[in-house]
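Novice: Provided below for reference: sequence and predicted model.
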Amino acid sequence: MTATPVVTRFAPSPTGFLHIGGARTALFNWLYARHTGGRMLLRIEDTDRQRSTEPAVAAILDGLKWLGLDWDGEPVSQFSRLDAHKVVVERLLETGNAYRCYCSREELDAMREKAMAEGRPPRYDGRCRHRDPADAPTGIPPVIRFRSPEDGETVIADRVQGTVTFANKDLDDLIILRSDGTPTYNLSVVVDDHDMGVTHIIRGVDHLTNAARQSQIYVALGWPVPVMAHIPLIHGADGAKLSKRHGALGVEAYREMGYLPQAMRNYLARLGWSHGDDEVFSTEQMIEWFDLDAIGKSAARFDFVKLDNLNGHYMRATPDDELMALLLDTLPHLPGGPAFAGRLDAKARAALRSALPGLKERARTLTELVDAAGFLVATRPLSCDDKALALLGDEARAMLAGLHASLERLATWDAAALEQAVREFAEANELKLGKVAQPLRAALTGRTTSPGIFDVLIVLGRKESLGRIADQARPK
RNA sequence: GCGCCCUUCGUCUAGCGGUCUAGGACAUCGCCCUUUCACGGCGAAAACACGGGUUCGAGUCCCGUAGGGCGUACCA
């Protein structure tokens, strides 16, 4: 392993939160760097001063941290490298690889419209390309365009897309320096990736055309072109572009929905990448197995149902104490979480911890877990949901009165005694256990779903349990 | 419009010319377990977009067609 160490980078633009596609791009960069023993750098592409915001930068860093993705070194602000970019533009100008263009926006718009009308691609026609500098208009701040090759083709050897060929005649002379003197994206990216020593560029296919233009700039500068890997995009559940309802949410929204970082990593990794038939794997395995060659080329749809299933798997697999800590940490972000936390005194906390094994078995997200744990902190008289209410008919209520009497006589309030008492009660009244257990569950939890009923009786304790049964033990 | 890319069960995917009567997972349906729900177990249904080639042989290679995506900015 004496080859050049791999350096990848994640380069989001801080114009909003870290959305799911960006999160997966970050994950792939991270996995590849870790897999190869290399480094992953973070660069904030904030050269668009109009749209970049500080809160967005914070949200992106926070999102990455939540996902468990770390980066090497300090995040680099692309804007801060402005001077380095200008130096390179100057160099391009001196070597004849760039030229000043004085075309106005109106002129460019007209050019585009005309080309479209004539069925030609709307490209810059190069009218300033060969203009004699002596004829340059005065009083107009020019932009600087890259002088791209007019003939031949530009070939991208992409690790995911394969060999992609662009005819150079289709790539026009792009602007690399705006009239206000600031560099544009394609120039900045090349300079930064080069200066930061990036060896592998892993990003969305929406950058494929940029890859061709950037490749030309690398060549003009005499710099080696990094290895490219353009990964497919993620679509919404209906196959259309990601929208708010389809998963184009910030990663923090996934935290709020109660998903575990580990589950997110696993799910995201399986979107576009595969390792045979493996579906559930640890982050360590992911790092060991990850490779660019196993990334597919077609776009994937985001499926919350499968995410739910995976998340449920991880919830059950997480040791109770760990899950408890995770839940407590996440409470501030969960719907109803702060209220729930507010009612979590020492006693309720202990009850939650002891009910956790039964609770996590039935929840797919932390949000569902909090919801299902509501009965632990609820105060009498309980409000029942509709399904629970349906279970509490007059007959059931009368039955509960009898059960209450039986349980009240119990000398010890433990699992064995309770189970025996309930079973005996059912037998004595010629009832199936379910006929007793379900109304009992409804009375104790206000729900039709809960941990095992005897566990519930224990967790709530004698007084609270008898109280809740008594509340429902009379006709309504 | 032009350029590039994509197309295997509803969804994510395995498949890298013969081992494919196409495998796995989620979802769906049925059965079992069971105090409910869930978990778990067993089983079922479910796909190579279409049309031409190439080849002894094509899901796998080539070319069209259709559908979809991305790009086409003094955004990134």
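Specialist: Received the coordinates, thanks.

Novice: from here on, just use CA atoms for contacts and neighbour counts.
Specialist: Noted.

Novice: and the contacts of the helix or strand encompassing A:Gly22?
Specialist: Using DSSP states H and E, A:Gly22 maps to helix A:20-36. Helix A:20-36 is contacted by residues A:5-10, A:12, A:38-40, A:64, A:69-71, A:202-204, A:231, A:233-234, A:247-251, A:265, A:268-269, A:286-292 when judged by Cα atoms under 8 Å, 6 or more residues apart in numbering.

Novice: show me the contacts for A:Ala470.
Specialist: Applying Cα under 8 Å, 6+ apart to A:Ala470 gives the contacts A:400-401, A:404.

Novice: what's the separation between the closest residue in space to A:Asp70 that isn't next to it in sequence and A:Thr448?
Specialist: Excluding the flanking residues, the one nearest A:Asp70 by Cα to Cα, 6 or more residues apart in numbering is A:Leu64, at 7.0 Å. Distance, A:Leu64 to A:Thr448, by Cα to Cα, to the nearest Å: 38 Å.

Novice: what's the closest of the contacts of A:Ala470 to RNA strand B?
Specialist: Nearest to RNA strand B among these is A:Leu400, at 14.7 Å by Cα to the nearest atom of the strand.

Novice: how deep is the nearest residue to the closest one once chain neighbours are set aside tucked in, by neighbour count?
Specialist: Nearest non-adjacent residue to A:Leu400, counting by Cα to Cα, 6+ apart: A:Ala473, 5.1 Å away. Neighbour count for A:Ala473, taken as other Cα atoms under 10 Å: 23.

Novice: who are the contact partners of A:Ala473?
Specialist: Contact partners of A:Ala473, counting by Cα under 8 Å, 6+ apart, are A:397-401, A:404.

Novice: can you check A:Gly452 too?
Specialist: Contacts for A:Gly452 (Cα under 8 Å, 6+ apart) come out as A:Gly358.

Novice: one more time with 10 Å, if that's ok
Specialist: By Cα atoms under 10 Å, 6 or more residues apart in numbering, the residues touching A:Gly452 are A:355, A:358-359, A:437, A:441.

Novice: A:Ala405 now?
Specialist: By Cα under 10 Å, 6+ apart, the contact set of A:Ala405 is A:466, A:470.

Novice: CA-only coordinates of the strand or helix carrying it, as CSV, when you get a sec.
Specialist: Taking DSSP H and E as the criterion, A:Ala405 maps to helix A:394-408. C-alpha atoms of helix A:394-408 as CSV (Å, rounded to 0.1, in the frame of the first residue of the first chain):
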residue,chain,number,x,y,z
ASP,A,394,-70.4,-2.7,29.7
GLU,A,395,-69.6,-6.3,29.9
ALA,A,396,-65.9,-5.7,29.9
ARG,A,397,-66.3,-3.0,32.6
ALA,A,398,-68.2,-5.4,34.8
MET,A,399,-65.5,-8.0,34.3
LEU,A,400,-62.9,-5.4,35.3
ALA,A,401,-64.7,-4.8,38.5
GLY,A,402,-64.5,-8.5,39.3
LEU,A,403,-60.8,-8.6,38.3
HIS,A,404,-60.1,-5.5,40.5
ALA,A,405,-61.5,-7.4,43.5
SER,A,406,-59.3,-10.4,42.8
LEU,A,407,-56.2,-8.4,42.3
GLU,A,408,-56.8,-6.3,45.3
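
Novice: how about that helix against RNA strand B, any contact?
Specialist: No. Using Cα under 7 Å from any atom of the strand, helix A:394-408 never reaches RNA strand B; the gap is at least 13.9 Å.

Novice: that helix: which residues count as buried?
Specialist: Using 16 or more other Cα atoms under 10 Å as the burial criterion, the residues of helix A:394-408 that qualify are A:396-401, A:403-404, A:407.

Novice: turn those residues into a markdown table, including pLDDT and distance to A:Ala426.
Specialist: Output for the buried residues of helix A:394-408, formatted as a markdown table (pLDDT from 0 to 100; distance: Cα to Cα, whole Å):
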| residue | pLDDT | distance to A:Ala426 |
| --- | --- | --- |
| A:Ala396 | 91 | 12 |
| A:Arg397 | 92 | 14 |
| A:Ala398 | 92 | 13 |
| A:Met399 | 93 | 10 |
| A:Leu400 | 94 | 11 |
| A:Ala401 | 94 | 13 |
| A:Leu403 | 94 | 9 |
| A:His404 | 94 | 12 |
| A:Leu407 | 94 | 12 |
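
Novice: dump the residues you listed to CSV, plus distance to A:Gly96.
Specialist: Listed next are these as CSV, based on distance: Cα to Cα, whole Å:
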residue, distance to A:Gly96
A:Ala396, 90
A:Arg397, 91
A:Ala398, 95
A:Met399, 94
A:Leu400, 91
A:Ala401, 94
A:Leu403, 93
A:His404, 93
A:Leu407, 93
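
Novice: C-terminal to the strand or helix carrying A:Ile156, what's the next element?
Specialist: Element membership of A:Ile156 [criterion: DSSP H and E] is strand A:153-158. Scanning forward in sequence from strand A:153-158 by DSSP H and E, the next helix or strand is strand A:162-167.
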